[in-house]
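coords please:
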Amino acid sequence: MRLQTRRKFCSCGGTIVHHRERISHVTIYTETGPIAVEHLECRCKKCSRGYYYGYATDTVEDQEDPNARKQYKFYEEDCLESQFLITTRKTGFSIKFLYEMSLDILFLYASFSGMSKKYVALHLGDYSDEELSKAKTMSERVEICEKRLSCGWFTFSLIEIKQRFRIAGPICCNIDTALMEYHLQIRDGFYRVWSKHTCGKSGCGWVLVVDGGMKAQRKICGAVKSGARVFEHSNTTLITGCTRHPGDFKYCRDHKNEDTPAVSSTKLHPENKARLRSAKEKGRHYNVQDFTDSVYIIEEILGTRHTKKGTEYHIKWEEYAETTWEPLKNIPRSIREYYEDTGDGKLPTPRVKESIKQGSTVQYNLVWSNDGDLPEWDASRHVALETEALANNREKRACNTRKDRDKRQNRHTCGIFIGCWPCGVCLLFEELYGSESISQVYAIILEFFATLDVKEREKLRYLLYDDMCHLAPYAKNITSKHETELTKYFGDMKMAVDFLHFKNHVGKNCKKFYNPNQYDELKPVNSVVCEQQFRCTNHHTNVKVGS
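Numbers count the residues shown, from 1 in each chain. Have a look, this model is predicted:
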């Protein structure tokens, strides 16, 4: 079988002709097994643009680096109406099989790992192509299949969602990059569409229930201090670290060989690690979800000493009272050189490598180098207001419901934060970093309100959250310190704890101000809708696409 473009003329007006010497062999995954096809490359005689089955390719200038260009695919509007979808040079899928994968994910909570094992067992058998022939074991064949299935399904889904929300533009040949580039447009399009949803379910359209789910997590780069997210509307800065997926490694490609204050646990002597963990356990007075420490953060160099084994540095670790002596090889060079040049044991100011605007938030990628050409990170422009805002009201609340007790940066995302109408429609979703802190929750909700039309915001009368006795006072304090139309709107809302979690709240002020039972119109509202949705999301963790 041969596949080629159906177009005869290019957008520039030139004639499209077949390039005889360029034929690639593609494996098409179908519901009945793989088939091998020939994929013909065609070119415009006038502008040399490439045309293929269902799409065209062209290079586009990189917005971050004007001297660089990226390869993009321009999929045709009816590409999903064809029999096949070509996703990479060597791989394609039948549209029917991609749809079946979607149904398995939706109804059977299937993972790409599970679907790849099933496909290999049922269909691949002795089938081989250029990439599969290099696999020496069955597990390697499964890994190749898993990468292909995830890349194919995400490409299919991205095309479908772009068409649904009428988002124009090409798709980068690297699917990870493509998903990052369209994430904000897809999210805002989703918010706009589903914020207008109303139905007969009590509370739908005027009661928003929000909550955080801690089980749906994904692995992220171990560079804990190399990223910050600024929420413009709330004037809040969140240290996220690098949020890229590192694949099978601890650090992503950008930070694999780059100096950061984050030191891998594998570098520490077992005795030092045991001392640090023991000190943490002794100081813990509450139960909290925890993970094995994989990264330790340098807070300060307290001094040096010379031993027979060489120079050692006295290190104060972030969030640990216990200190350790570490060999020179464990201390990042830029931090070590800064200490030796200045005598200052505190960490140097990081520099901004790049800033990515994402709607009303900005993600800053930070580096800890001595490159004078990069601007220094100025955190004073944005203030994390949580500590000050809570201090004024600490004596007023006695409910032990805070979820941000353990401030260590575990190198998985903390979970997800969602907001739903009582009918089950999810219209707000964001990843949580570090912990489900009040400042992060407030910033996420406020940025969501900023995406809504004024008419949609006016319809919203109630906000329900299981930790409202901390969120509501925080919102009111923010209004007094940073009053805008949005912060005032948030501070003036009717807010209450959801019915399920209210029984755990024992504070006098909580029972007085945030009792949902004081509102008769809330009694028939399904306030546990977020927990119901988490039953689905909890099945999906650690998704990686092309890493």
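
Listing request: residues of the stretch 251-400 of the chain with sub-threshold pLDDT.
Scanning the stretch 251-400 of the chain for pLDDT under 70 picks out 280-294, 359, 379-400.

For the lengthiest helix in the chain, what is the distance to the chain centroid?
Ranked by residue count, the top helix of the chain under DSSP state H comes out as helix 138-164. Here helix 138-164 is found 18 Å from its chain centre; the criterion is Cα atoms, centre = their mean, to the nearest Å.

mean confidence score for it?
Helix 138-164 shows a mean pLDDT of 94.

Quick one: name whatever helix or strand follows it.
Counting by DSSP states H and E, the element after helix 138-164 in chain order, helix or strand, is strand 171-172.

Can you name the next helix or strand after that following strand?
That would be, after strand 171-172 and using DSSP H and E, helix 175-194.

Next, the angle helix 138-164 makes with that next one.
40 degrees (axes from the mean of the first three to the mean of the last three Cα atoms, to 10 degrees).

what's helix 175-194 packed up against?
helix 138-164, strand 171-172, strand 426-432, helix 438-451 (3 or more Cβ pairs under 8 Å, 6 or more residues apart in numbering; DSSP states H and E). All C-beta atoms are positioned from the backbone trio N, CA, C, and that covers glycine.

which other residues reach it?
Residues outside helix 175-194 that contact it (Cβ atoms under 8 Å, 6 or more residues apart in numbering) are 70, 87, 151, 154-155, 158, 161-162, 165-167, 169, 171-172, 245, 358-359, 421, 425-429, 448, 451-453, 545-547.

Can you tell me the centre-most residue of the chain?
The structure's the chain has its C-alpha centroid closest to Glu431; by Cα atoms, centre = their mean the separation is 5.4 Å.

Enumerate the beta-bridge partners assigned to it.
Listed beta-bridge partners, Glu431: Ile416 (assigned using DSSP bridges).

Go ahead and confirm it touches Ile416.
Yes: contact criterion Cβ atoms under 8 Å: Glu431 and Ile416 qualify, at 5.9 Å.

returning to that earlier point: from the contacts of helix 175-194, list just the buried residues.
By neighbour count, with 16 or more other Cβ atoms under 10 Å, these hold 70, 87, 151, 154-155, 158, 162, 165, 171-172, 245, 421, 425-429, 448, 451-452, 545-546 as buried.

show me what contacts Lys215?
Listed by Cβ under 8 Å, 6+ apart, the contact set of Lys215 reads 415, 534, 537-538, 541.

how about the helices in the stretch 251-400 of the chain?
Along the stretch 251-400 of the chain, counting by DSSP state H, counting those that start in this stretch, helices occupy 270-282, 333-342, 386-391.

Which ones among the contacts of Lys215 lie within strands?
Taking DSSP state E, the ones among the contacts of Lys215 that sit in strands are Gly415.

which of the contacts of Lys215 are buried?
For these, a burial check counting by 16+ other Cβ under 10 Å picks out 415, 534, 537.

out of the residues you listed, which one sits closest to Leu500?
For Leu500, the nearest member of these is Phe534. The distance, counting by Cβ to Cβ, is 12.4 Å.

Check the contact between that closest one and Met214; I expect there is one.
No: Phe534 is beyond contact range of Met214, at 9.0 Å (criterion: Cβ under 8 Å).

Out of the buried ones among the contacts of Lys215, which one has the weakest pLDDT?
Of all the buried ones among the contacts of Lys215, Thr537 has the smallest pLDDT value, namely 83.

circling back to that earlier point, only the buried residues of the longest helix of the chain, if you could.
For helix 138-164, burial by neighbour count (16+ other Cβ under 10 Å) applies to 141-159, 162.

tell me what it is packed against?
Partner elements for helix 138-164 (3+ Cβ pairs under 8 Å, 6+ apart): strand 16-30, strand 84-86, strand 91-94, helix 95-108, helix 112-119, strand 171-172, helix 175-194.

if you set the cut-off to 10 Å instead, what comes out?
Counting contacts by 3 or more Cβ pairs under 10 Å, 6 or more residues apart in numbering; DSSP states H and E, helix 138-164 packs against strand 16-30, strand 69-75, strand 84-86, strand 91-94, helix 95-108, helix 112-119, strand 171-172, helix 175-194.

just the angle between that helix and strand 69-75, please?
Computed with the same axes, to 10 degrees, the direction of helix 138-164 lies at 70 degrees from that of strand 69-75.

hmm, back to that, closest one to Ser113 out of the buried ones among the contacts of Lys215, please.
For the buried ones among the contacts of Lys215, the closest approach to Ser113 (Cβ to Cβ) belongs to Thr537, at 17.2 Å.

Surely the closest one touches Phe417?
No: in this structure, Thr537 is not within contact of Phe417 by Cβ atoms under 10 Å, at 11.1 Å.

and for the two, which residues touch both?
213, 429, 530 (Cβ atoms under 10 Å, 6 or more residues apart in numbering).

Tell me the spatial nearest neighbour of the first one, not counting adjacent residues.
Spelled out, it's Gly213. Phe534 (4.2 Å; Cβ to Cβ, 6 or more residues apart in numbering).

neighbours of Ser278, just the number please.
11 (other Cβ atoms under 10 Å).

now swap in Leu124 and tell me
Leu124 has 20 neighbours, counted by other Cβ under 10 Å.

can you check Thr307 too?
Number of residues near Thr307 (other Cβ under 10 Å) recorded here: 9.

thought it was touching Trp325?
Yes: because the distance of 8.5 Å satisfies Cβ under 10 Å, Thr307 is recorded as touching Trp325.

Endpoints of stretch 340-358, how far apart?
One end of stretch 340-358 sits 38 Å from the other (Cα to Cα, to the nearest Å).

can you check stretch 507-521 too?
By Cα to Cα, the extent of stretch 507-521 from end to end equals 24 Å.

Could you give the average pLDDT over that stretch?
The pLDDT scores in stretch 507-521 average 92.

can you pull out the strands in the stretch 201-350 of the chain?
For the stretch 201-350 of the chain, applying DSSP state E, counting those that start in this stretch gives strands covering 207-213, 227-231, 236-239, 262-264, 295-307, 310-317, 323-327.

Could you say which of those is packed most deeply?
strand 207-213 (a mean of 24; mean count of other Cβ atoms under 10 Å).

Next, count neighbours for Asp254.
17.

Please verify my assumption that it contacts Val367.
Yes: counting by Cβ under 10 Å, Asp254 touches Val367, with 9.0 Å between them.

So for the two, which residues contact both of them?
Listed as contacting both Asp254 and Val367 by Cβ under 10 Å, 6+ apart are 223, 226, 353-354.

which of those sit farthest apart?
Largest separation among the shared contacts of Asp254 and Val367 by Cβ to Cβ: Ala223 and Glu354, giving 13.8 Å.

what about those two, which has more around it?
Neighbours per residue, other Cβ under 10 Å: of Ala223 and Glu354, the larger number sits with Ala223, 30 against 13.

Surely the more buried one is in contact with Asn365?
Yes: Ala223 lies in contact with Asn365 (Cβ under 10 Å); the separation is 9.4 Å.

on that earlier part again, quick one, which of the strands of the stretch 201-350 of the chain gets closest to Trp377.
Of all those, strand 227-231 sits nearest to Trp377, with 7.2 Å by Cβ to Cβ.

pull the CA atoms of that closest one into PDB?
What follows is strand 227-231, C-alpha atoms only, in PDB (Å, rounded to 0.1, in the frame of the first residue of the first chain):
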ATOM      1  CA  GLY A 227      12.000  27.300  38.200                       C
ATOM      2  CA  ALA A 228       9.500  29.900  39.600                       C
ATOM      3  CA  ARG A 229       5.900  30.600  38.500                       C
ATOM      4  CA  VAL A 230       4.500  34.100  39.000                       C
ATOM      5  CA  PHE A 231       0.700  34.600  39.300                       C
END
